[in-house]
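Student: got a predicted structure plus its sequence, pasted below:
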Amino acid sequence: MAQQPMSQLPAGASEVQILGKTYWHSGDNFYQFNEETGMFYQVPQPTVQAHKDRISQSHMYQRSQTLPGTGLTGDQIEGCRNAAADKSNEVPNRGSQVYINEYNACIRDLQQ
């Protein structure tokens, strides 16, 4: 069943960024804006699982080795990502800035 385009989002919809794309979220629904038509369209819930699986599979052989250029293991880098994500989730209005700062600080600490 095709979704009808909408000129306005439902009241209370909030903008979210997922893997560099902008979506609007309202209840259980996600929407994207089409600049050509000037309308919003309901889309399936965005997922990052396939991307995460692809990354972990491609670097699986490096799990116990240090990653080139960093001197850190994949587990250490993943730990920094997780810690930075936890901190950024605490401040949604500045989440991306907090994530970058926390991630870089974690990496610097491990490299010293």
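Tutor: Received, thanks. Numbering: from 1, shown residues only.

Student: could you chop this protein up by domain?
Tutor: With domains defined by automatic domain parsing, the chain comprises 1-46, 62-111.

Student: now do residue 60, the pLDDT please.
Tutor: Per-residue confidence at residue 60 stands at 44 (pLDDT).

Student: likewise residue 76?
Tutor: 85.

Student: name the helix or strand for it, please.
Tutor: Here residue 76 is covered by helix 74-89, with elements defined by DSSP states H and E.

Student: ok, then the element right after that helix?
Tutor: Counting by DSSP H and E, the next helix or strand C-terminal to helix 74-89 is helix 95-111.

Student: so which elements touch that following helix?
Tutor: Counting by 3 or more C-beta pairs under 8 Å, 6 or more residues apart in numbering; DSSP states H and E, the packing neighbours recorded for helix 95-111 are helix 74-89. Using the backbone N, CA and C atoms, a C-beta is placed for each residue, glycine as well.

Student: quick one: the helix it packs on to helix 95-111, angle?
Tutor: 150 degrees (axes from the mean of the first three to the mean of the last three C-alpha atoms, to 10 degrees).

Student: next one: helix 74-89 to chain centre, how far?
Tutor: How far helix 74-89 lies from its chain's middle: 12 Å, per C-alpha atoms, centre = their mean, to the nearest Å.

Student: stretch 101-112 too?
Tutor: For stretch 101-112, the gap between its own C-alpha mean and the chain's C-alpha mean amounts to 20 Å (C-alpha atoms, centre = their mean).

Student: quick one: mean pLDDT over it.
Tutor: 87.

Student: pull out the buried positions in that stretch.
Tutor: 102, 103, 106, 107 (16 or more other C-beta atoms under 10 Å).

Student: buried residues, the helix holding residue 76. List them.
Tutor: Neighbour counts over helix 74-89 (16+ other C-beta under 10 Å) mark 74, 76, 77, 80, 84, 87, 88 as buried.

Student: residue 15 contacts residue 23, correct?
Tutor: Yes - Residue 15 sits in contact with residue 23 when judged by C-beta atoms under 8 Å, with a separation of 7.5 Å.
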